[in-house]
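Trainee: build the 3D model from these lines:
(2 chains)
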Amino acid sequence: MNKANTIRPSRGGGTFQFFYKYGTLITILLLIIFFGAMTDSFLNYTNIISILRSISIVTIIAIGLTVSLAVGGFDLSVGSTASVANALVMSLFVWHGQSIGVSLAITIFFCLIVGLVNAFLVINFKIQDMLMTLATMFIFQGLALTYTRGATISQNMIMPNGDFATGVIPKAFGNLGKVPWIIIIMIVVVLLVHIFLTYTKHGRYMYMIGGNVEAAKLSGIAVSKYRLLAYLISALFAGIGGIILASRVMTAEVNAGGSYLMDAVAAAFIGYSVLGAGKPNAFGTFVGAVLIGILSNGLVMMSIPYYSMDIVKGSVLALALAITYYKRKH
Amino acid sequence: MDGGAQSCLEREVRLLADHNRTRLEMKGISIAFPGVQALTEVDFHTESGRSHALIGANGAGKSTLMKVLSGAYNHYTGEILLDGQLANIRSPKDAKGYGIQVVYQEVDTALIPNLSVGENIMMEHTVHGMRGKHMVNWRQLHRSAQAVLDRLRVKVPTKKLVQELTLAEKQMVLIARSVSMECKFLVLDEPTAPLSISETEALFSLVRLLKSEGVGIIFISHRLPELYEICDDITIMRDGRLVTRDEIAKLEQQDIVEHMLGAKLDGQFPERWSRIGEVAFEAREIYDSGKVNGVSLSVRKGEIVGLAGLVGAGKTELCRALFGASETARGDLFLHGAKLNVRSPHQAVRSGLALVPEERRREGIFVEESVVVNVTAASLSKYANGASWVSSRKERIAAQEIIHSLGVKTPGQQAKVRNLSGGNQQKIAIGKWLLTDADVYIFDEPTKGVDVGAKRDIYNLIAELAGKGKSILYASSEIAEIMGITDRIYVMYDGAILKELDTARTNEEEIMLHSTGGLII
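Mentor: As a prediction, this is how the structure comes out:
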């Protein structure tokens, strides 16, 4: 009888627990002190705003990815979805002369279709999420490339028939990608998803599905419905990220969203440990994005070449994964 | 590949020619695991060329004893003798060296599905018998495998992939692997449980063939009728001890059942005084892919109906089918006379059903979540304001109520369920459903792995639910438990209900008799 009544002490050393919880935040603090001391301009108001602006697109895309991770999925196609949205919204302005409202509506609609396709394949064919979305990542990337015929879309571009494109990118659209709007949008997205995942029953269900899909199913949770919803949300935010990217650079480069995938994955996985959450969460993802942003910005200021940056980002991701998986066993 | 297998066969043939019988004795075998004395001073003996039944209720220690014999454990006390010579068996390799081979019930764990039949049969040889060689001689491998299969008169192509075989064929492949090595004693752990009648017949003729070749067969089974057909001797175990050993022909089926059951437990079951009302829940003609074969049952208001039967009888499959958790199940469900549309657990919960699953850690709880999150998992809408805003205050009140009424021992509501003990985790898995106000509760082995004190709490809880007029279906392979808590009993055997019994007018022997296949007529 006593055996059942005793409570097993929580395992793991106190030091590891502490650094697991606060490690990311402490690292950010140390990096700020370090870069602040090493360079003159790191702690300038303009540089801080510039860091926030630079992470906003990554954050928005990573937040979508976080929702897919919450249900135990993994949407690798977020980068490609951003590319699709990026190319589509620009082409609607430049090629078809559509208004902001129509362009955004059509773009978001197609992004949701992307999410629907992902969810359909993953749920109906019971293929591992990561493998399935690896395939769709290429499909959507290819679709975006084919649609733009491998060219950059910009105002007054030369069309295949030799004429100049007549459509104009509305001025108001350009504001989306400028301070303060770009930062405000990022903060709103983080807050909305944080509230959704933490305080609504839908968020709770998603975490349950991610934690133990069999138990969730037997608890009467509509598992497929919530996995579908997660992929729709993931594609939606990837799409928003692509749209804001378009607004920031005012052109649609070839496969512009692709490079955001790894940063988003890193941000989301760094976020697992923030404040000891132990699961994908919106606030943690934001903190992860901040960490990557500070690292990139500071290292550039210290004259580390941009082409070496992937080594640093990759190492940070590897470290975050190592900590997350080590924690699961201890 | 050299002629290793060939020489094994030759040795085998020589062994037959000699016709001298090898005697296997296990003396005073005891083994303990943390918190459990699994075997206490067990004696067991048999000899080659005979078929010996090893039988006992679930948890009697049959499998543990055979694991000791096969070298799966090395911390037992007692000795194993072969022809009076001490055999020091401390690892599976030792056991194989002495010619003791085992075919476990879970055939898939011992086979490599994406390799061919031939490779699987000759696996032992490929792993241990190749010495310094590095190249596989495919022709010889398949020829040696074919020789073994021919000897056993088993017709399975050696080049077929194991993943394409039926379960019975896989078993044959494992037996072929065993006899491809030196094989004096072959342990078959519940080999017939998943087989059809014709497959069982094929297995039996193989067993007879091996016996005639001088192999000693040790046969673990729950199915009494078939033991009479295939076995010469019988050893009966209960609670980790030897009960009796005899020639099987000298024992009646009822005697075996009595030996398996032994003394009764009393006093841990709650007094029941529930008023049993009209039929509330009804299932008609439930089928599920060979595991459940046309089950019809009904449960009245306030009634606890037992689902008895041994492990593998189809109780778990039936519970899951009733709850919509099996995609292949078909049949009709009725609640208060109205037909239910239950195609998923989601619909089952909405219809007023609740299932406390057997594998609670895998199916019933969220170990990484807190106690609060776990107990409100199935009823979260009740604690959500508007449509979806979870009120942490309402949630905490509900969780506190469950913790209090079930006596859950936890450091607090926010403690992760991972840190609770097995009994308390089970209470959480049950507590989750108390908050849903279901009409029908299905319990699948709710006291499995739970200690005595927590068991009593769970019995009380279930009796209380019945007292409130809920309908309860209680599946368990513990017959004492079924006798202690139910009003009426369905006995399952081979996926079907073999017998319906009134608890007040039956006894454990009768239930066990039906659980093991009924009387031979």
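Trainee: beyond the strand or helix carrying B:Phe281, next helix or strand please.
Mentor: Using DSSP states H and E, the element containing B:Phe281 is strand B:279-288. The element immediately downstream of strand B:279-288 (helix or strand, assigned by DSSP H and E) is strand B:292-300.
Trainee: and that next one, how far out from the chain middle?
Mentor: 21 Å (Cα atoms, centre = their mean, to the nearest Å).
Trainee: adjacent strands (with direction) for that strand?
Mentor: Pairing partners of strand B:292-300, with direction, according to DSSP bridges: strand B:279-288 (antiparallel).
Trainee: what are the buried residues along the strand it pairs with?
Mentor: Judged by neighbour count using 16 or more other Cβ atoms under 10 Å in any protein chain shown, the buried positions of strand B:279-288 are B:Val279, B:Ala280, B:Phe281, B:Glu282, B:Ala283, B:Ile286, B:Tyr287, B:Asp288. Using the backbone N, CA and C atoms, a C-beta is placed for each residue, glycine as well.
Trainee: neighbouring contacts of the strand holding B:Phe281?
Mentor: B:292-301, B:317-318, B:320-322, B:326, B:328-336, B:439-440, B:471, B:473 (Cβ atoms under 8 Å, 6 or more residues apart in numbering or on different chains).
Trainee: of these, buried ones?
Mentor: B:292-293, B:295, B:297-301, B:317-318, B:320-322, B:326, B:329, B:331, B:333, B:335, B:439-440, B:471, B:473.
Trainee: which ones are touching the residue in the stretch 101-250 of chain B that chain A sits nearest to?
Mentor: For the stretch 101-250 of chain B, the nearest residue to chain A under the criterion Cβ to the nearest Cβ is B:Gln163, separated by 17.6 Å. Residues in contact with B:Gln163, defined by Cβ under 8 Å, 6+ apart, are B:Pro113, B:Asn114.
Trainee: apply 6 Å and report the result again.
Mentor: Residues in contact with B:Gln163, defined by Cβ atoms under 6 Å, 6 or more residues apart in numbering or on different chains, are B:Pro113.
Trainee: and it, how close does it get to B:Leu152?
Mentor: Using Cβ to Cβ, to the nearest Å, one gets 21 Å for the distance from B:Gln163 to B:Leu152.
Trainee: again with A:Gln155
Mentor: 80 Å.
Trainee: same question for A:Ser83.
Mentor: Plainly put, A:Ser83 is 61 Å away from B:Leu152 if you go by Cβ to Cβ.
Trainee: over to A:Met186?
Mentor: On the measure of Cβ to Cβ, A:Met186 and B:Leu152 end up 70 Å apart.
Trainee: quick one, which of those two is more surrounded?
Mentor: For A:Met186 versus B:Leu152, neighbours defined as other Cβ atoms under 10 Å in any protein chain shown are more numerous around A:Met186 (24 against 19).
Trainee: touching, that one and A:Ile61? I think so.
Mentor: No: between A:Met186 and A:Ile61 there is no contact, the gap being 10.5 Å when judged by Cβ atoms under 6 Å.
Trainee: mind listing what the residue most central in space within chain A touches?
Mentor: Note on chain A: the residue nearest the mean C-alpha position is A:Ala62, at 1.4 Å, using Cα atoms, centre = their mean. By Cβ under 6 Å, 6+ apart, the contact list for A:Ala62 reads A:Ala264, A:Ala267, A:Ala268, A:Thr285, A:Ala289.
Trainee: that older thread, roughly how far is the strand holding B:Phe281 from the heart of the chain?
Mentor: Relative to its chain's centre, strand B:279-288 lies at 24 Å (Cα atoms, centre = their mean).
Trainee: phi and psi next, for the closest residue to chain B within the stretch 201-330 of chain A.
Mentor: At 2.8 Å from chain B, A:Gly220 is the closest residue in the stretch 201-330 of chain A, using Cβ to the nearest Cβ. Main-chain torsions, A:Gly220, degrees, to the nearest 10: phi 90, psi 10.
Trainee: and B:Gly132, what element?
Mentor: Taking DSSP H and E as the definition, one finds B:Gly132 inside no helix or strand.
Trainee: what's the pLDDT at the residue of the stretch 101-250 of chain B closest to chain A?
Mentor: On the pLDDT scale, B:Gln163 is placed at 89.
Trainee: next one: B:Glu368
Mentor: The score at B:Glu368 is 86. That number is its pLDDT.
Trainee: measure it to B:Ala384 for me?
Mentor: To B:Ala384, B:Glu368 is 22 Å away according to Cβ to Cβ.
Trainee: so where is chain A shaky, pLDDT-wise?
Mentor: Within chain A, the stretches falling below the threshold (pLDDT under 70) are A:1-13, A:330.
Trainee: can you give me the helices in it?
Mentor: For chain A, the helices identified by DSSP state H occupy A:2-5, A:14-38, A:45-70, A:78-94, A:100-125, A:129-147, A:171-176, A:181-199, A:201-211, A:213-218, A:223-249, A:260-271, A:282-301, A:309-329, in order along the chain.
Trainee: tell me the most buried of those helices?
Mentor: For these, the largest average neighbour count (mean count of other Cβ atoms under 10 Å in any protein chain shown) is found in helix A:78-94, namely a mean of 29.
Trainee: so which elements touch that one?
Mentor: helix A:45-70, helix A:100-125, helix A:129-147, helix A:223-249, helix A:260-271 (3 or more Cβ pairs under 6 Å, 6 or more residues apart in numbering or on different chains; DSSP states H and E).
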